[in-house]
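> I would like the atomic coordinates for the input below:
(one chain, ligands or ions: 1)
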Amino acid sequence: MSADSSASVSSAAAALDRYAVAGNPVAHSRSPEIHAAFAVQTGQSLVYERLLCPLDAFEATIRGFVAAGARGCNVTVPFKFEAFRLAQRLTPRARLAGAVNTLRFDAEAAGGWLGDNTDGAGLVADIERNAARPLRGQRVLLIGAGGASAGVLGSLIAARPAAIRVVNRSPDKALALIDSHRAWADQHGVALSAGPLDAAAPDGPHEVLINGTSASLSGAGVPLPETGAPVLARGGLAVDMMYGPSAAAFLDWADAQSGPGGARRDGLGMLVEQAAEAFLVWRGVRPDSASVLADVRRRLESAA
Ligand code: ATR
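Down below sits the predicted model:
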């Protein structure tokens, strides 16, 4: 196990309930500062660390962390699918996503490790609460069909937009993603469709545009080809699940389509909201996320 030695794992802290973000890489994760703020705000005694897991030793690292007394962890790239397989019990939203971002290490007698996925709830909370844009009745375009998109599609459907179109560089993955959500969408009266990136808006522009690709990481800021036809309606909302400078190229491009009255969100709000939801799963109390989001945003901007 290689928990961040600077993350206050002193002998005094060892007596506190331990949590962590498990991933590779984790050095730049803002989750420790977010959960530390939640803990102070709600009067909970816990420590939250970074747990760097070797790519071939996620399970062993997690088991070591549990043996050291840990109560839960968040899971980030590239281990959300492995965490799904490790969990002994799954929440319905984790089962639908096929991926787990939150583990709670309940004892065998209590049913064993619980796997949840709070990413979608985080995204929807950021859109509906923080951006004050209700999804009900809206037409949504989700770009990407990898782990990030799979983690949020179920929650987007539950918010009952009129329609969700999923487009992806590999269109068959977009099709497979909507197929696995078809019954859930029917239950909620949401029309699902899928296609390639160059068929993003066959029925006209969408009111909500969400970038769930990792295109910006490879320097390709806008994943959609320039077809000349707008994909985002005037006054629409654009969201990039990445945060900070990585999101800028996509959001600037979307701004030009949405114009005055348009809105943009990078992924920082989603990050804080999914953390608040995980905190609730672990501690039974939901922190006030708005003040923490404002603080993390301020620190992010002053570091830029
Ligand atoms: P994550 O867990 O971050 O979602 P992932 O599962 O590897 O990572 O998925 C990455 C997503 O970004 C995929 O939808 C990928 O498209 P493919 O499925 O066709 O690979 C998409 N993506 C990555 N780079 C891209 C680029 N330059 N342009 C468009 N889409 C891109």
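> could I get the pLDDT score of whatever residue of the chain ends up closest to the ligand?
Residue of the chain nearest the ligand, by C-beta to the nearest ligand atom: residue 146 (1.9 Å). Bear in mind the C-beta positions are built from the backbone N, C-alpha and C, glycine included. We note a pLDDT of 93 for residue 146 in this prediction.
> please apply the same query to residue 257.
Here, the pLDDT recorded for residue 257 equals 96.
> okay, now it: neighbour count?
The criterion is other C-beta atoms under 10 Å. On that basis, residue 257 has 16 neighbouring residues.
> contacts for the strand or helix carrying it?
With elements delineated by DSSP states H and E, residue 257 resides in helix 248-258, which encompasses its position. Under the criterion C-beta atoms under 8 Å, 6 or more residues apart in numbering, residues 205, 209, 211, 215-216, 221-223, 230-238, 240, 262, 264, 266 lie in contact with helix 248-258.
> which of those count as buried?
The neighbour-count test (16 or more other C-beta atoms under 10 Å) applied to the contacts of helix 248-258 identifies 205, 209, 211, 215-216, 221-223, 230-233, 236-238, 240, 262, 264, 266 as buried.
> in a strand, that's where residue 73 is, yeah?
Yes: secondary structure assignment places residue 73 in a strand (DSSP: H, G, I helix; E, B strand; the rest coil).
> how about residue 207, nearest residue that isn't a chain neighbour?
With sequence-adjacent residues excluded and distances taken as C-beta to C-beta, 6 or more residues apart in numbering, residue 207 is closest to residue 138, at 4.5 Å.
> care to break the protein down by domain?
According to automatic domain parsing, the chain is divided into the following domains: 3-117+269-303, 134-266.
> chain center to the first one, what's the gap?
So that's domain 3-117+269-303. Centroid separation between domain 3-117+269-303 and its chain, computed with C-alpha atoms, centre = their mean, to the nearest Å, is 13 Å.
> the last one now?
Its chain's C-alpha centre lies 14 Å from the corresponding centre of domain 134-266 when counted by C-alpha atoms, centre = their mean.
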